[in-house]
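Peer 1: I need the structure of the sequence given here:
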Amino acid sequence: MSNKSATPDGANDRANRVKLMIFDIDGVFTDGSLFFTADGDAMKSFNSLDGHGVKMLQSAGVQTAIITGRNSGIVAARARELGITHLHQGVADKTIALTELLQTTGIPATDCGYMGDDWPDLAVMRLCGFAAAPANAHEEVLQRVHFVTTKRGGEGAVREVCDAILRAQNRYDGLLAAAIGA
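Peer 2: Next up, the predicted model:
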């Protein structure tokens, strides 16, 4: 894998094969900040553009999943809201969760995409056919992915990846035409 952005050679072909797109949460759907109340309750902030991107992927027939190291009711609620049925939380070894997803969906790893931002994501990224990272991911991740967004985690990076997949699969223009009523 190499550090490339936009739609570099090879990344488009890889994105074209994605049938299951898997996302980390902290640093990908969020900016990576962790907010805690005085009572110890955690809070997270999500970008609505990212959520719409996930829904568009689903409408184009791409399944979506989350694999995250933390357990969070907030993430479970966001997954429900977005219709993400494959939710793996509190995962220490993300490759085990990936193996379960592959068995459940019947989709080979070569037809899966994964978006992460830090070292716990690296092993899964190596197994998936398409690996993406937000612009502010750790440098070791940026050097090993097929696609680097121009946006930072929590600021539209997920949407950028969703759009890239939809473009690679020639679905973007049709979805846009439907949205504007053309």
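Peer 1: Heading C-terminal from the helix or strand bottoming out on mean pLDDT in the chain, find the next helix or strand.
Peer 2: Lowest by mean pLDDT, DSSP states H and E among the helices and strands of the chain is strand 42-43, with a mean of 80. Once the chain leaves strand 42-43, the next helix or strand it forms, by DSSP states H and E, is helix 48-59.
Peer 1: Which other helices and strands does the following helix or strand past that following helix contact?
Peer 2: Downstream of helix 48-59, the first helix or strand assigned by DSSP H and E is strand 63-67. Strand 63-67 sits against strand 20-23, helix 48-59, helix 73-82, strand 86-88, helix 94-105, with contacts defined as 3 or more Cβ pairs under 8 Å, 6 or more residues apart in numbering; DSSP states H and E. Just so you know, the C-beta spots here come from the backbone N, C-alpha and C atoms, and that holds for glycine as well.
Peer 1: For the protein, which residues score under the pLDDT cut-off?
Peer 2: Applying pLDDT under 70 to the chain picks out residues 1-9.
Peer 1: Mind listing the residues bridging to the residue nearest the centre of it?
Peer 2: The residue lying closest to the centre of the chain (Cα atoms, centre = their mean) is F23, at 3.1 Å. Applying DSSP bridges to F23 gives these bridge partners: I66, M115.
Peer 1: Pretty sure it sits against M115.
Peer 2: Yes. Between F23 and M115 a contact is recorded at 5.0 Å, counting by Cβ atoms under 8 Å.
Peer 1: what's the overlap in contacts for the two?
Peer 2: Both F23 and M115 are contacted by V158, under the criterion Cβ atoms under 8 Å, 6 or more residues apart in numbering.
Peer 1: So R144, which state does it fall into?
Peer 2: coil (DSSP: H, G, I helix; E, B strand; the rest coil).
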